[in-house]
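*Asks:* Got a predicted structure here, sequence first:
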Amino acid sequence: MNPGKNIAIVGAGIGGLTAALALQQYGISTSVYESRPFQSFSTAETEHAGGAGIWVPANAMQVFARLGLAEKVLAAGYELTEIELLDYLSGSLMKVDLSGIKQKFEYAIVAIRRSRLHQILFEALQERRSRAAAQLHFGYRCQAATVSQEQVVLSFFEQEKVIADYVLGADGLHSSLRQSIFPVEQPNYSGQTSWRAVVKAQLPQSWKKTSVEIWGEGRRFGFSHVNADEVYWYATADMPASPHQADSSSLQSAEIDALKNLFATFPAAVHELLASTRAVIRTDLSDLANLPKWYSGKIVLLGDAAHATTPNLGQGGAQAIEDGYLLAKMLHDCDEPSQAFEQYQKIRQEKARRIVRRSRLLGKMAHLKGVFQRQLRNAAVKFTPAAVNLREFEKLYSLNF
């Protein structure tokens, strides 16, 4: 593509920063517009409350290796060697040894504080400015986009308008850019809400390097270390969408007490993690299953803006990372951005859609309530051959670009 073109990226989350880094690596300059102020974005802890973690699986780690960042992510996080799935009453249903995944892809799963991953990407973008300019602008919350044949005009709340030749929309589930070009398409609430926190804790020795998820009736609980001294945990439950976020200390306390009651019959490790928790992040789980096109004219969407998924497969961030890198590669390889956008969607759409569907299905399976249904599900999971599970993970973690 013409290196003189002005490319704007809206959103400096994981997908937006990955796209900016990859474009920078290809010598293409960008301007990145982030809604958060610089102070909250650049600090070591960008999440409110107790923070949140993220699992960086093998497909995302392969992209980071191409960007020269895999070892930094590995050093800042906690490498997991096993996945274990349990029923809250009957115990272990499945264990997946990740050594085969690591042997095939060089990396398996790295658990890390989400804010620490953001920091690594942000610092890399700052350090590598000599390759191509990457200007970051903070406090720019996008309101809408107006597209003509010549340019895109971006409108921001309480900021001046910005004119760009092309725009990459990495502005998340409730994307204003998606609303501008595809106003009919809206996220679908899954019927499940979630809570997350990072706490000072030590897991039992048998789970030190394990990603654990425990299934119960209409609810589940998962956790792993993100470093030697901290554990990231999450919980989900069937309930209506929340009308508010529990930001005040009184609401936080009530939320945690409710979680203790909800998971009272779960194993002791769950009780200990909740007892160590002082604040949680609550998020309703929604997805965006079938957006027909990811681009229109001079605007292209990536990550949650294009194909938001529930987090049940641990692939939300990873899919945004795949998007960001491939989109940059196509912009470099293709003569025209319109060709790049078309090829990007052609390569990525099938996998992204499959993950959205399977993640929603897995969420429903995990929350089954009938005793007989749960027994059938548990038996099916328990007696699935390890080789079959390994093949599914290999499909998930393989890159096709």
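*Replies:* Okay, I see it. Numbers count the residues shown, from 1 in each chain.
*Asks:* Which helix or strand lies directly C-terminal to whatever helix or strand residue 328 lives in?
*Replies:* Assigned by DSSP states H and E, residue 328 belongs to helix 316-333. Per DSSP H and E, the first helix or strand lying C-terminal to helix 316-333 is helix 337-366.
*Asks:* Rounded mean pLDDT for the next helix or strand after that next one, please.
*Replies:* Using DSSP H and E, the helix or strand that follows helix 337-366 in sequence is helix 371-382. Mean per-residue pLDDT for helix 371-382: 97.
*Asks:* Convert the C-alpha atoms of the next helix or strand after helix 371-382 to PDB, please.
*Replies:* Per DSSP H and E, the first helix or strand lying C-terminal to helix 371-382 is helix 386-397. Extracted in PDB, the C-alpha atoms of helix 386-397 (Å, rounded to 0.1, in the frame of the first residue of the first chain):
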ATOM      1  CA  ALA A 386      -6.700 -37.600  25.200                       C
ATOM      2  CA  ALA A 387      -5.700 -37.700  21.600                       C
ATOM      3  CA  VAL A 388      -9.100 -36.200  20.500                       C
ATOM      4  CA  ASN A 389      -8.700 -33.300  23.000                       C
ATOM      5  CA  LEU A 390      -5.100 -32.700  21.800                       C
ATOM      6  CA  ARG A 391      -6.300 -32.500  18.200                       C
ATOM      7  CA  GLU A 392      -8.900 -29.900  19.100                       C
ATOM      8  CA  PHE A 393      -6.300 -27.800  20.900                       C
ATOM      9  CA  GLU A 394      -4.000 -28.100  17.900                       C
ATOM     10  CA  LYS A 395      -6.700 -26.700  15.600                       C
ATOM     11  CA  LEU A 396      -7.400 -23.900  17.900                       C
ATOM     12  CA  TYR A 397      -3.700 -22.900  18.200                       C
END
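*Asks:* Counting by contacts, list what helix 386-397 packs against.
*Replies:* helix 58-66, strand 91-97, helix 99-105 (3 or more Cβ pairs under 8 Å, 6 or more residues apart in numbering; DSSP states H and E). For the C-beta atoms, the positions are set from N, CA and C on the backbone; glycine is no exception.
*Asks:* what's the helix or strand for residue 167?
*Replies:* Using DSSP H and E, residue 167 falls within strand 166-169.
*Asks:* and if you look at residue 195?
*Replies:* Judged by DSSP H and E, residue 195 forms part of strand 188-200.
*Asks:* which parts of that strand are buried?
*Replies:* Across strand 188-200, burial judged by 16 or more other Cβ atoms under 10 Å covers 190, 191, 192, 193, 194, 195, 196, 197, 198, 199.
*Asks:* Check what pLDDT residue 355 gets.
*Replies:* Residue 355 carries a pLDDT score of 97 in this model.
*Asks:* With adjacent residues omitted, what lies nearest to it?
*Replies:* Among residues not flanking residue 355 along the chain, residue 315 sits closest, at 5.1 Å (Cβ to Cβ, 6 or more residues apart in numbering).
*Asks:* looking at the protein, which helix or strand is least sure?
*Replies:* helix 38-42 (a mean of 72; mean pLDDT, DSSP states H and E).
*Asks:* For the stretch 201-350 of the chain, give me the ranges with low pLDDT.
*Replies:* 244-250 (pLDDT under 70).
*Asks:* in it, which spans are strands?
*Replies:* In the stretch 201-350 of the chain, the strands defined using DSSP state E, counting those that start in this stretch lie at 210-216, 219-225, 230-238, 281-287, 295-296, 299-301.
*Asks:* quick one on the thing from earlier: widest-spaced pair of the buried residues of strand 188-200?
*Replies:* 191 and 199 (27.1 Å; Cβ to Cβ).
*Asks:* So residue 123: helix, strand or coil?
*Replies:* helix (DSSP: H, G, I helix; E, B strand; the rest coil).
*Asks:* Contacts only, for it.
*Replies:* Residues near residue 123 by Cβ atoms under 8 Å, 6 or more residues apart in numbering: none.
*Asks:* how long is stretch 226-241 end to end?
*Replies:* Length of stretch 226-241, first residue to last, Cα to Cα, to the nearest Å: 28 Å.
*Asks:* which one of the helices and strands packed on helix 386-397 has the most crowded surroundings?
*Replies:* helix 58-66 (a mean of 22; mean count of other Cβ atoms under 10 Å).
*Asks:* centroid residue for this structure?
*Replies:* residue 317 (2.5 Å; Cα atoms, centre = their mean).
*Asks:* wait, doesn't it sit right on residue 18?
*Replies:* No: look at residue 317 against residue 18 with Cβ atoms under 8 Å: they stay out of range, at 9.4 Å.
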